[in-house]
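Chemist: Build me a structure from this.
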Amino acid sequence: MGGRDCYHYHLVTRWQLNAPLESVWDAIYNAEAWPTWWPGVQCVETLDRGDADGLGARQRFVWQSALPYRLAFVTRVTRVERLRLLEGRVEGDLEGIGCWHFSQEAGLTTVCFDWQVRTTERWMNLLSPMAEPIFRWNHDAIMCKGGIGLAKHLHTRLQTSATRSHHATGGLGRGGGRKMKPLSLRGPLHAQPSHVVAGLTGITAGTLATAVQMLLWWMGGTSMLPTLLRDAQLTAAIVLGPSILATVPAWRWDILTVATLIHFGLSILYAAIAMLFAYRPATPVALVVGGLYGVLLYGLNLHAFTELYPWFTQARGRDTWLTHVIFGMALIGGCRLFEPQAT
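Modeler: Numbers count the residues shown, from 1 in each chain. Presented below is the predicted three-dimensional model:
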């Protein structure tokens, strides 16, 4: 793999738990038990137990990420300092070093996980220039769930769960690319950037809304493709002007591109607004609030905006109203899914 392009990631996660240092150490040291309390860890197989302290131990991990893909890699323990440090080298879908740091102060145990890896899967390397924020979010979501799971496992509370990261850097495979600088474990960590959550939520909810709209058309006997192209043309006319409604074929690439950008751009904007109130009520109430938010968006898009863009009046109707209700619920659900809370 020495000549294959890859991307480097450097992420640090900090957990703080109101639990004895020994209990936290034992839970993390015993990786074979991770699947019982860490959501996302599907399998841990011990290949070699190493010496009496675990030095040289090799284990194969299979992770189911928060996104629809799996990662598998083998770790080899390279350093063990009981109650202080546990380090291992990783080979497989990811390559690099992971290091657990442990400390205790004023009754709180702090765990810092320093993850410096590079991707080896070709599809990840191809997508990394665009999807790097999503891959970082995915790591943060898994680590947040791990902190919550560990706290429940130890019958205590997770006081803090936060992550920070260097931007991913492109480079070559083993021995190539830019050298990663050590990341200090001191100083404040920050939670997952809100723009990443808004982007993920908006794109997901926008895609779901399109699928629901087409399903409702099909159930009602409306021709799906012509109606979809019509709505794309109506949307693109916001930027390209209303003249395209009568003179330009709806299937032209520039119309479809502009319509898609507007659709997802508005979806991300509405997701960012939803984040202001998505986390406050309990989940069932939050989904009801999301439905009401969708009704409000329907009024905004199909009534208020028609004062400026009157051609949208033809898109009004029960199907579009219901699609907006589901869209609003998806926005709230997406915000809560993509921004795991440690409470």
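Chemist: Near residue 270, how many residues? Count them for me, please.
Modeler: 24 (other C-beta atoms under 10 Å). Using the backbone N, CA and C atoms, a C-beta is placed for each residue, glycine as well.
Chemist: again with the one 5 residues further on
Modeler: Other residues within reach of residue 275, judged by other C-beta under 10 Å, total 21.
Chemist: Against residue 325, how distant is residue 292?
Modeler: Using C-beta to C-beta, to the nearest Å, one gets 8 Å for the distance from residue 292 to residue 325.
Chemist: Roughly how far does the residue nearest to residue 336 when sequence neighbours are not counted sit from residue 333?
Modeler: Closest residue to residue 336 apart from its sequence neighbours, by C-beta to C-beta, 6 or more residues apart in numbering: residue 278 at 5.9 Å. Applying C-beta to C-beta, the value for residue 278 to residue 333 is 9 Å.
Chemist: which neighbours do those two share?
Modeler: Residues touching both residue 278 and residue 333 comprise 286, 290, with contact defined as C-beta atoms under 8 Å, 6 or more residues apart in numbering.
Chemist: Strands of this protein, start to end?
Modeler: According to DSSP state E, the chain carries its strands in the segments 6-17, 41-48, 58-64, 70-81, 85-92, 94-105, 108-119, 158-171.
Chemist: Report the buried residues of the shortest one.
Modeler: Residues of strand 58-64 classed as buried by neighbour count (16 or more other C-beta atoms under 10 Å): 58, 59, 61, 62, 63.
Chemist: Please enumerate the helices of this structure.
Modeler: Remark: helices assigned in the chain by DSSP state H are 21-29, 34-37, 122-153, 194-219, 224-240, 244-247, 253-274, 283-299, 318-338.
Chemist: I'd like these laid out as TSV, including distance to residue 87 and mean pLDDT.
Modeler: Shown next, in TSV, are the helices of the chain (distance: least, C-beta to C-beta, whole Å; pLDDT from 0 to 100):
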stretch	distance to residue 87	mean pLDDT
helix 21-29	12	96
helix 34-37	17	96
helix 122-153	17	81
helix 194-219	29	89
helix 224-240	52	89
helix 244-247	60	79
helix 253-274	39	90
helix 283-299	39	89
helix 318-338	30	90
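Chemist: Could you measure from the nearest residue to residue 296 once chain neighbours are set aside over to residue 293?
Modeler: With sequence-adjacent residues excluded and distances taken as C-beta to C-beta, 6+ apart, residue 296 is closest to residue 328, at 7.6 Å. For residue 328, the distance to residue 293 equals 4 Å [C-beta to C-beta].
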